[in-house]
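1. for reference, the sequence and a predicted model appear below.
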Amino acid sequence: MELLPVVVTALWAMLPAYVPNNAAVLAGGGTPIDGGRSMGGRRLLGDGKTWRGTAAGTLAGTALALVLNAVRVPLGDAVGVPLPRFPLAAAVALAFGAMLGDIAASFLKRRTGRERGAPFPGLDQLDFVVGALVLVALVTPRWFARTFPLRALLVVLVATPLLHVVTNAIAYVLGVKDEPW
Ligand code: CTP
Ligand code: MG
């Protein structure tokens, strides 16, 4: 099997998991999810994980999936690769799973003594990928198995950190993000 169709479909299928973080950055603020609570002298999650950011990210990823569903046939014809449709449950799972992965990473960062915004190379780039893939596998296992064969998972795990680094650098340069990671 050729690599290009695998890369195209894998990245397409991950798009609803890519936008939540960026939407959360733009819409974040307000009450933190942990309500200011601490554990062992450190914040449970920190002020960087808010209800508003999480809701906005989940909605943005889900909405994107619906838009992708509307354009997938003409777009797939144009690039010569059939593009998968997102069932609503899969769309929500990808978007919310991305947010959950990011939240879990903040929990780990606080437990390891990292302040809000401190980098954790590796975790920062893959937390939302793992969260999205795990949740979508649990919620829509048949869609997950069909859409993400092993080779697609490998593509996602390699390509996503690269894309994440590039988009965060752009957000930093544009001034919408405080750190370039
Ligand atoms: N954000 C949010 N809610 C989320 C995720 C992100 O409100 N669930 C917003 C916050 O304003 C956050 C910004 O997006 O500051 C950037 O997200 P991220 O880099 O994940 O958070 P950090 O502030 O770097 O905090 P942490 O160290 O916990 O990752
Ligand atoms: Mg951060």
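-> Yep, that arrived. Ligands and ions are numbered 1, 2, ... in the order given.

2. tell me which parts of this structure are close to ligand 1?
-> 24-25, 28-29, 46, 48-50, 53-54, 99, 102-103, 106, 109, 116-118 (CB under 6 Å from any ligand atom). Heads up, the C-betas are built off the backbone N, CA and C, glycines and all.

3. please pick the buried ones from those.
-> Using 16 or more other CB atoms under 10 Å as the burial test, those include 24-25, 28, 46, 48-50, 53-54, 99, 102-103, 106, 109, 116 as buried.

4. flag the least confident of the residues you listed.
-> Scanning those for pLDDT, the smallest score is found at residue 28, 83.

5. once you drop chain neighbours, what's closest to that residue?
-> For residue 28, the nearest residue in space outside its immediate sequence neighbours is residue 53; the separation is 3.5 Å by CB to CB, 6 or more residues apart in numbering.

6. same check on residue 171?
-> Among residues not flanking residue 171 along the chain, residue 177 sits closest, at 4.0 Å (CB to CB, 6+ apart).

7. tell me the buried residues in the longest helix seen in the chain?
-> Looking across the chain with DSSP state H, the single longest helix is helix 51-79. For helix 51-79, burial by neighbour count (16+ other CB under 10 Å) applies to 53-62, 64-65, 68-69, 72, 76.

8. strands along the protein, start to end?
-> Taking DSSP state E as the criterion, the chain carries its strands at 38-39, 42-43.
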